[in-house]
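J.: would you be able to build a 3D model of this:
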Amino acid sequence: MEKELYSKLASKMGISSARVIRQAEEYVRLSQVRCTGLGNLTATSKAVMCLELASTTIKVPMDKEYAIKLSGLNKKMYQSHLKALECLLGLESHVGLRELSVQYGCMEALKVAAQILQRYEQSLPAAQRQDLDLSKPLFTTSALHSACKCLKIKVDKKLATSSGAKKSIFDRLCVQMQKMGQDICKEAAAPLKAAVRTVQKRQKTLMESIEQVEKEDDSPSSPKQQRDDDDGEESTVQDYEAWKKKILENALKTKKTES
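T.: I've put the predicted structure just below:
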């Protein structure tokens, strides 16, 4: 019965390869063991998805738009379940951080995302690190999404869905990674703040020097200048005394002449 279902669906999807059908049957068997979270899918929708995954793996063309119609799901739900099934079966193509950042237009977050991944790996126990593949979409998309949040970069919502994981799992991982991203951003900002403070301090010192010079120009004269000023005042007094003496002498002469 199942073979007839696969053959019928494959025919409608434009697939005639017996190899693709056999591979799809194998994927369905594996999904029953590994993909317990997809139990809400109907047998038909799961068969359609497995046929698409098999045709993609073997590189046989098929009608993807018609596959969505056959599945009985809307496009968004179909693609979300297909991505989850692909990840759970271990068939996902590992797209690196750089490719992801280019694809979603957030290259500015690439460096921080890479640091987040590194710090996340270091936070795990050694035994867990050995079996962990951080190149999987769940980790790369979570790291890039978290980096964008920390840097306040607007990110496409499709980035989250491309993780292939349930929203609750993705969100929980993002919370952990976002904390690491905030620490990384603070550490990166510290040297810049220190440099700004140094520049501000130098500017302040320069301004203080200028103000000091201005104060000195407005302050009382130096001792030498004070002496020069005193000498000038003394000379003026002497001139006045000589003038006064001369006037008195002339007045005295005039008086003698009149008498």
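J.: the residue positioned nearest the centre of the chain - nearest residue in space that isn't next to it in sequence?
T.: Central residue of the chain (Cα atoms, centre = their mean): Leu151, 3.3 Å from the mean position. Among residues not flanking Leu151 along the chain, Ala109 sits closest, at 5.5 Å (Cβ to Cβ, 6 or more residues apart in numbering). Bear in mind the C-beta positions are built from the backbone N, C-alpha and C, glycine included.
J.: mind listing what that neighbour touches?
T.: Going by Cβ atoms under 8 Å, 6 or more residues apart in numbering, Ala109 touches 101, 144, 147-148, 151, 153, 155.
J.: can you list contacts of the one helix or strand Ala114 maps to?
T.: Counting by DSSP states H and E, the element that carries Ala114 is helix 110-123. Contacting residues not belonging to helix 110-123 are listed as 97-98, 101, 129, 132, 134, 139-140, 143-144, 146-147, 150-151, 176-177, 180-181, 183-185, 188 [Cβ under 8 Å, 6+ apart].
J.: quick one: buried residues of stretch 150-157?
T.: Neighbour counts over stretch 150-157 (16 or more other Cβ atoms under 10 Å) mark 150-151, 153, 155 as buried.
J.: tell me which of these fall in helices.
T.: Secondary structure defined by DSSP state H assigns Cys150 of those to helices.
J.: from the buried residues of stretch 150-157, pick the one nearest Ile15.
T.: Val155 (35.7 Å; Cβ to Cβ).
J.: for that closest one, which non-adjacent residue is closest in space?
T.: Cys148 (4.1 Å).
J.: returning to what we had before: for the residue nearest to Leu151, give its distance to Leu53.
T.: Distance, Ala109 to Leu53, using Cβ to Cβ, to the nearest Å: 30 Å.
J.: do the same with His81
T.: From His81 across to Leu53, the span is 11 Å (Cβ to Cβ).
J.: circling back to that earlier point, output the helix holding Ala114 as PDB, restricted to C-alpha atoms.
T.: The C-alpha coordinates for helix 110-123 follow below in PDB (Å, rounded to 0.1, in the frame of the first residue of the first chain):
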ATOM      1  CA  LEU A 110      29.600  38.300  10.900                       C
ATOM      2  CA  LYS A 111      32.500  38.900  13.300                       C
ATOM      3  CA  VAL A 112      30.400  39.000  16.400                       C
ATOM      4  CA  ALA A 113      28.500  35.900  15.300                       C
ATOM      5  CA  ALA A 114      31.700  34.000  14.900                       C
ATOM      6  CA  GLN A 115      32.800  35.100  18.400                       C
ATOM      7  CA  ILE A 116      29.500  34.000  19.800                       C
ATOM      8  CA  LEU A 117      29.900  30.500  18.400                       C
ATOM      9  CA  GLN A 118      33.400  30.200  19.700                       C
ATOM     10  CA  ARG A 119      32.300  31.400  23.200                       C
ATOM     11  CA  TYR A 120      29.300  29.100  23.100                       C
ATOM     12  CA  GLU A 121      31.500  26.100  22.400                       C
ATOM     13  CA  GLN A 122      33.900  27.100  25.200                       C
ATOM     14  CA  SER A 123      31.000  27.200  27.600                       C
END
